[in-house]
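[1] Give me a 3D structure for the following:
(one chain, ligands or ions: 1)
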Amino acid sequence: MAITWIDICLAGAGVYLLKRVMAKTTPAPLPPGPKKLPLLGNILDMPSVKPWMTFADWGKKFGDISSVEVLGQHIIVLNSVKPAVEMLDKKSSVYSDRPVLPMGGELCGWKNTLVLLPYGDRFREYRKNFHRVIGSRASMDTYHAVEEIETHRFLQRVLAKPSELSAHVRKTAGAIILRISHGYEVKEHNDPFIELADVAVNQFSASTATGAFMVDIMPSLMYVPEWFPGAGFKRKAREWHATLEQMVAQPYQFVKDQMAAGIAPKSFTSNLLEGKTLSAEEDHVVKWSAASLYSGGADTTVSAIYSLFLALTLFPEIQKKAQAEIDAVVGSDRLPTFADRDSMPYVDALAKEVLRWNVVVPLAVPHRVTEDDVHDGYYIPKGSLIMPNIWFMLHDPRTYANPMEFEPARFLASAGKEPEIDPRTICFGFGRRICPGLHLADASVWISCAMSLAAFDISKVVENGVEITPEVDPTSGTISHPKPFQCSIKPRSAKALELIQQDANY
Ligand code: HEM
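    The predicted structure is shown next:
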């Protein structure tokens, strides 16, 4: 029997009606959201620039849990901490998967790193490794010396070339993480591992950018051969896959060679390899969890520390208050160390405010739901992507007074006023996917605040008698950075200069 257009239309109408009927049989309504178009859903509502701003508007219109549907994909946006904790933490056994990303995850291979790893046994193994090495504030004590030495070297680099602040921040983050992950000490210039990681991390951002590759919308394109017209993305994916493989394999081989020679310093990788013969699966887990540590830490703290310098440039009074505290506690004969942390509440508050003001990962990383759920009266279908709007949670006037202002004192108790919520309970995400590098990040941001403030005065650049005020306009993207800005960085005194120039290898 021949099939006619009428049959097809009737079948189409049937599917549509069936969907409508099925929609009616769902256990509860979907969370509210912008009105959908037939077939296209909310594709035209999806923002491409700073989506967290649009999502915050949805929160105001539709409440703390809102939803959209893009080509059949449900996206649930959470605009407050309460549902984020109730769903992602309390129901973590069904809210902890990650989305499948055809370009970045599958073709380029980033699905082997923790951030995109599907929820399951391998995921648990990686997390266990992270937990063992940097899973608590106490375990981070082992790495305080590395943090202090590398941050001191950072001061020396800044002193030598203050105009290259951003590059120094990046290099220091890479140096700290590579020492912890692979026991590798970076070279002062053109370090091959740092360069490789920079390229790979940029490729990660490019390959996972929303809407950048058609294959992310039509996953079947993954199977198109490279020679096929329009399949340029496959060649690109092959190249990017190769960079990632090198970024993972080279430092790993370095540790193995050093261990064979009996000269490997203690590190995340050497610790996991020590005295063991690994199966292929165990080898994969050690190699890729070390790389996850390295790639997760390479770009994130960079954003936070760069924004510390932006804040210090913009708010000289806050800088002076923090320096006064350091002078009173540490004096001027030495640089601050982690041992001073508990005695310097204002510097601690400053580090917290940096994490709140400049939100490094504004929408976290989407969590994928693995079972149908009904939450707070709303239907959350299996396969939905949950996006916690961390940016809004940290700028919500219900939680933070004058949220757009940079004000460390909000985290200090004063007469009749409790400190505001610690942003570290929000900025690192939620549930079983919470950032496993949070203690390391916290330590890096704090020591950078304390040492930089002890050593330097940071101020606006004056050009032709005019002060240049940097703009506060962070970039869009999974990891948001302050836009490049100029500032003047000078040693605070002759004594500070002497301290910076002292040997950093203590
Ligand atoms: C200021 C610095 C940092 C911030 C604000 C930050 C924030 C985040 C956030 C929001 C997530 C997603 C959590 C979720 O899905 O709910 C995440 C995941 C992750 N972070 Fe961080 N992070 C920072 C530094 C670091 C560092 C230093 C490392 C490595 C040592 C790291 C490694 C990772 C990894 C591997 C994941 C993926 C975890 C998973 O999927 O299970 N992060 N981070």
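[2] which non-adjacent residue is nearest the closest residue to the ligand within the stretch 251-400 of the chain?
    Using CB to the nearest ligand atom, the closest approach of the stretch 251-400 of the chain to the ligand is made by residue 296 at 2.5 Å. Where C-beta positions appear, they are placed from N, C-alpha and C, glycine not excepted. The shortest distance from residue 296 to any non-neighbouring residue, by CB to CB, 6 or more residues apart in numbering, is to residue 437 (5.4 Å).
[3] residues from this structure in reach of the ligand?
    Counting by CB under 6 Å from any ligand atom, the chain comes close to the ligand at 114-115, 177, 292-293, 296-297, 300-301, 304, 360-361, 364-365, 367, 427-430, 433-437, 440-441.
[4] Now restrict those to buried residues only.
    114-115, 177, 292-293, 296-297, 300-301, 304, 360-361, 364-365, 367, 427-430, 433, 435-437, 440-441 (16 or more other CB atoms under 10 Å).
[5] Name the helix or strand for the residue of the stretch 251-400 of the chain closest to the ligand, please.
    Assigned by DSSP states H and E, residue 296 belongs to helix 280-314.
[6] same thing with residue 169?
    Using DSSP H and E, residue 169 sits within helix 165-182.
[7] what does residue 184 give?
    When elements are assigned from DSSP H and E, residue 184 belongs to no helix and no strand.
[8] lowest average confidence, helix or strand, in the protein?
    Sorting the helices and strands of the chain by mean pLDDT, DSSP states H and E puts helix 5-25 at the bottom, at a mean of 43.
[9] Give the buried residues for the next helix or strand after that helix.
    Following helix 5-25 in sequence order, the next helix or strand is helix 51-62 (DSSP H and E). Within helix 51-62, the residues that qualify as buried are 51-52, 54-56, 58-59, 62, counting by 16+ other CB under 10 Å.
[10] List just the nearest of the residues you listed to residue 141.
    For the buried residues of helix 51-62, the residue nearest residue 141 by CB to CB is residue 52; the value is 34.6 Å.
[11] Test my guess that that closest one contacts residue 392.
    Yes. Counting by CB atoms under 8 Å, residue 392 is a contact partner of residue 52 at 6.3 Å.
[12] so who does residue 440 touch?
    Residue 440 sits next to 134, 140, 143, 176-177, 180, 297, 301 when contact means CB atoms under 8 Å, 6 or more residues apart in numbering.
[13] low pLDDT regions in the stretch 1-150 of the chain?
    Across the stretch 1-150 of the chain, the ranges flagged by pLDDT under 70 are 1-24.
[14] What segments of the stretch 401-506 of the chain are strands?
    For the stretch 401-506 of the chain, strands defined by DSSP state E, counting those that start in this stretch occupy the ranges 456-459, 461-463, 466-468, 488-491.
[15] Same question for the stretch 51-200 of the chain.
    Going by DSSP E, counting those that start in this stretch, the stretch 51-200 of the chain shows strands at 65-70, 73-78.
[16] Export the ones you listed to CSV and append columns for mean neighbour count.
    Listed next are the strands of the stretch 51-200 of the chain as CSV, based on neighbours: other CB atoms under 10 Å:
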stretch, mean neighbour count
strand 65-70, 23
strand 73-78, 23
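[17] follow-up on the earlier one: buried stuff in the helix holding residue 296?
    For helix 280-314, by 16+ other CB under 10 Å, it's 285-314.
[18] State the next helix or strand along the chain beyond it.
    Next along the chain after helix 280-314, taking DSSP H and E as the criterion, comes helix 316-330.
[19] Show me what that following helix is packed against.
    Judged by 3 or more CB pairs under 8 Å, 6 or more residues apart in numbering; DSSP states H and E, the packing partners of helix 316-330 are helix 280-314, helix 345-357, helix 438-455, strand 456-459.
[20] Please identify the buried residues of that helix?
    Neighbour-count burial for helix 316-330, counted by 16+ other CB under 10 Å, picks out 318-319, 321-323, 325-326, 329-330.
[21] For these, which two are the farthest from each other?
    Across those, no pair lies farther apart than 318 and 330, at 18.0 Å, counting by CB to CB.
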